[in-house]
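Trainee: any chance you could fold what I've pasted below:
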Amino acid sequence: MRLSNLADYAVITMCQAAMHCGDGRVSAAELAAETGLPVPTVQKLVSKLTAAGLLRSVRGAHGGLQLGRPAAAITVADIVEAVEGPITLTACIDHGPCDFEVGCSMKPHWPIINDALRGALAGISLAQLRSPRPITLEEHPA
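Mentor: Modelled structure (predicted):
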């Protein structure tokens with residue numbers, strides 16, 4: 001499994017937005033400049049992340065973007081789901097019956113696998129990602 005570029009960029013954008021905690025607000029253009037991502041991509045991400053409540057947009061002379069909740073309360077799962085939708089490894093879980101459903105022994109197991117994957121991503125907060133040192137297995141056992 002591999003995250004889409006958009007989900008990857010969303011994590012990068014949120015990490016950068018988190019760096020501005022306590023410093024007021026930041027614009028999408030500033031986030032794009034700081035991350036090196038294209039402005040249209042960051043604008044698209046900001047729209048999705050705002051709709052999910054992960055970012056908050058404030059209008060006015062001192063407006064801009066800020067985290068929608070504390071960095072410790074935002075997880076990688078939240079960010080990925082804001083961009084990609086629910087975390088699932090197979091289409092049969094979301095999209096109903098498949099061509100191989102009759103006799104499929106895996107279908108009952110996929111929700112457990114999906115929950116484990118989501119749980120792993122939900123166990124990593126934006127606050128942890130802001131740290132200059134990598135997360136260790138001791139801090140986040142797989």
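
Trainee: what comes up buried for stretch 40-50?
Mentor: For stretch 40-50, a neighbour-count test (16 or more other C-beta atoms under 10 Å) marks 41-42, 44-46, 48-50 as buried. (Each C-beta comes from the backbone N, C-alpha and C, glycine too.)

Trainee: how about stretch 105-114?
Mentor: For stretch 105-114, by 16+ other C-beta under 10 Å, it's residue 114.

Trainee: mean confidence score for it?
Mentor: What stretch 105-114 shows for mean pLDDT is 83.

Trainee: centre of the chain to that stretch, how far?
Mentor: 23 Å (C-alpha atoms, centre = their mean, to the nearest Å).

Trainee: check stretch 54-72 too.
Mentor: 16 Å.

Trainee: stretch 114-124 too?
Mentor: Distance, stretch centre to chain centre, for stretch 114-124: 12 Å (C-alpha atoms, centre = their mean).

Trainee: so which bits of that stretch are buried?
Mentor: Buried, per 16+ other C-beta under 10 Å, within stretch 114-124: 114, 118, 121-124.
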